[in-house]
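Asks: Pasted the sequence and its predicted model underneath.
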Amino acid sequence: MHIESTEIDGLLIVHLDVHGDNRGWFKENWQRERMVEAGLPDFGVVQHNFSFNASAGVTRGLHAEPWDKLVSVAHGKVYGAWCDLREGSATYGQLVSTEIGPETAVFVPRGVANGFQALEDDTVYSYLVSDHWSPDAQYTAVNLDMVDWPLEPTEISDKDRLHPQLAEVLPMPPRKILVTGADGQLGRALRTAYKNAAHVEFATRADFDITAEDIATARPWRQYEAIINCAAYNDVNGAETDRAGAWAVNATAPARLAAVAAENNLTLVHVSSDYIFDGTRDIHSEEELASPLSAYGASKAAGDTAAQTAPRHYVIRTAWVFGEGNNFMSTMASLASRNIEPLVINDQRGRPTYAEDLAKGIKHLLDTGADYGVYNLTSGGDAVTRDEIAMAVFIGMGHDPAEVHSVTSEQYNTYRAQQAEKNGQPAPAVEAPRPAESTLDLSKIEATGFKTSNWRSSLALYLALLES
C-alpha cells in the first residue's frame, strides 16, 4: 500500500494491496494505523455509504460536502473526477480524474467535489465519511460537463444536470476555529492575529459558556477544526475561598472541551499557567510535573492535565501576560501617571508575556501543524523580578525607577495589614502563595520556527499604545 499526491492539495490516491485467488479477492479498505502512518489524515470516520450503479454510463456528481471522505470501489470500476471548490484554496478549480477499481481508494478533503461514472454494470461505489449526513449541512457542486467522461453519460439525475458552471459556484468555506474568552487580553490579541478571518468565531462568556453542561451539543462541532480556550478564572486570591468557581472554569470545563475535541476530531488549544509549579527550579521545562502552591494553581494544573487527554492538543503554559485590558503593567503605568510610589515585591521572578506574542505563537502552531503537545510560551529576553518590571514601566512613563520601592512578599503582606488596621478596616485576606520562580524554557517552541519578541521592546510598544 502506498499513497500518491495529486494536483489538488490534500486529494490523495491510495494504492491498496488486493489479495486475490480463485475465490475472488480481499483488501483492507481502511486500516487506520497503517494508513495514517503512510500519510493519510486520521479523519474520524462516522458513517459508511454505498452507491449501487446498475449499468455502465451512470454518471453522478460533482458534489462537495462539508466533510472528508475516503471513496473506493467495492465491485466493478469507475472513472472518478474531483474538483477543488474550497474557498481560499491554492488549487481552487483544479480538476483531477482517474480510473479506479478495487485496488484504489481516494481521500477527498472537505469541500472537494466528487463525481464518478460507472464503467461496468453493477458497480458499487463506497464512501467512508467523517460526519453524518444532514439536510441542513452546507453543500456546493459543479456541473458534470467539466469532465471528459470516457462513456456517454446516462441516467443523470435532474439535480445533477442543473449544477452550476465553475465560474458560478459558491465556494465551500473552511472549518471554523472557536476562540473562547474572546474579551480577555489574549482573546483580543487573537482578534488582531486573525484579523478578517471569516472562519474564526470569537465567543465571549455570554456567547459561549465553557462551564455549561450541554457543551457537547452546543455547536455542530464537526464543522470546526479547532477550539482555542482563552476563558479562565484568573482571580488568584479569590480562588482560595471560591475553589468551586475556579475549579469549574479552570479544570472541569477544559475536561469537557477535551472530550468534545476527541469525539469530533478537533484540535484543542488550552492556555495554562506558570502557577502550576511551586517555583523551586531555576527554569521550568515542559516535562516538569505540576506542583501547585495555591487553589488557583491546582485548578490550572488539573485543566492542563485534562486538556492533554484530547488526541490533538496544544497546551500552552505562559506567565505574566500583558495586553489590552487590566494587568500588572497597566496598574504600574496608572500609578506612575498619578505620581504614586508603589511597594512591589522582589522575590518573584520570571519573563512577562506580551499578549500579541502569545496569540501569534498559538496561530503559528495551528498554521504549521507542529507536533501536538505541551509548549511553554512567553516573550523573550531576560528574566526579572516584579519590582524590576515595575521600574521598567516607570522608566517608560518618564519617571524615576527609584519611585518603585522593593519589598519581600512578607513585608508587603505586613504593610497591607498595618494599613487596614490604621484605617479601621478588617484585616485583608492573606495573599495566595505564588511561585518564586516562573521563568519558562522556550527552546521547544523556538524549535518549531517561532521566535517571540523581547519583553522590554514589547513593553515600550505597549506603553506607547497605552498613552495614545
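Replies: On my side now, so go ahead.
Asks: which residues are contacting stretch 366-375?
Replies: Outside stretch 366-375, the residues within contact range by Cβ atoms under 8 Å, 6 or more residues apart in numbering are 177, 226, 267, 269, 272, 286, 304, 308, 311-317, 361, 364-365, 444-445, 448-449. Quick note: C-beta positions are derived from backbone N, CA and C, even for glycine.
Asks: do that again at 7 Å, thanks
Replies: For stretch 366-375, the external contacting residues (Cβ atoms under 7 Å, 6 or more residues apart in numbering) are 226, 267, 286, 308, 312-317, 365, 444-445, 448-449.
Asks: do the same with stretch 271-290
Replies: 186, 229-230, 232, 291-294, 296-297, 300-301, 303-304, 315-319, 350, 374-376, 435-441, 444.
Asks: Please save the CA atoms from that stretch in PDB.
Replies: What follows is stretch 271-290, C-alpha atoms only, in PDB (Å, rounded to 0.1, in the frame of the first residue of the first chain):
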ATOM      1  CA  VAL A 271      -3.800  28.100  27.900                       C
ATOM      2  CA  SER A 272      -2.200  27.000  31.100                       C
ATOM      3  CA  SER A 273       0.000  28.800  33.700                       C
ATOM      4  CA  ASP A 274       3.300  29.000  35.400                       C
ATOM      5  CA  TYR A 275       1.300  28.800  38.700                       C
ATOM      6  CA  ILE A 276       1.000  25.000  38.200                       C
ATOM      7  CA  PHE A 277       4.600  24.900  39.500                       C
ATOM      8  CA  ASP A 278       6.000  25.600  43.000                       C
ATOM      9  CA  GLY A 279       8.800  27.700  41.600                       C
ATOM     10  CA  THR A 280      11.700  25.800  43.200                       C
ATOM     11  CA  ARG A 281      13.500  25.300  39.900                       C
ATOM     12  CA  ASP A 282      15.500  28.000  38.100                       C
ATOM     13  CA  ILE A 283      13.700  27.300  34.900                       C
ATOM     14  CA  HIS A 284      10.600  25.200  34.000                       C
ATOM     15  CA  SER A 285      10.600  22.800  31.100                       C
ATOM     16  CA  GLU A 286       7.500  21.100  29.500                       C
ATOM     17  CA  GLU A 287       8.500  17.800  31.200                       C
ATOM     18  CA  GLU A 288       8.300  19.100  34.800                       C
ATOM     19  CA  LEU A 289       5.400  17.700  36.800                       C
ATOM     20  CA  ALA A 290       2.900  20.000  38.300                       C
END
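Asks: What residues sit buried inside that stretch?
Replies: 271-279, 283-284, 288, 290 (16 or more other Cβ atoms under 10 Å).
Asks: Specify which member of these is nearest to residue 70.
Replies: Among the buried residues of stretch 271-290, residue 271 lies closest to residue 70 (Cβ to Cβ), at 34.6 Å.
Asks: three-state assignment of that closest one?
Replies: strand (DSSP: H, G, I helix; E, B strand; the rest coil).
Asks: Which residue ranges of the stretch 301-450 of the chain form helices?
Replies: Assigned by DSSP state H, counting those that start in this stretch, the stretch 301-450 of the chain shows helices spanning 328-337, 355-368, 386-396, 409-422, 443-447.
Asks: And those, which one averages the lowest pLDDT?
Replies: The weakest mean pLDDT among those belongs to helix 409-422, with a mean of 89.
Asks: tell me the angle that one makes with helix 386-396.
Replies: On the basis of axes from the mean of the first three to the mean of the last three Cα atoms, to 10 degrees, helix 409-422 is oriented at 70 degrees to helix 386-396.
Asks: can you pull the buried residues of helix 409-422?
Replies: By neighbour count with 16+ other Cβ under 10 Å, helix 409-422 contains the buried residues 409, 412, 416.
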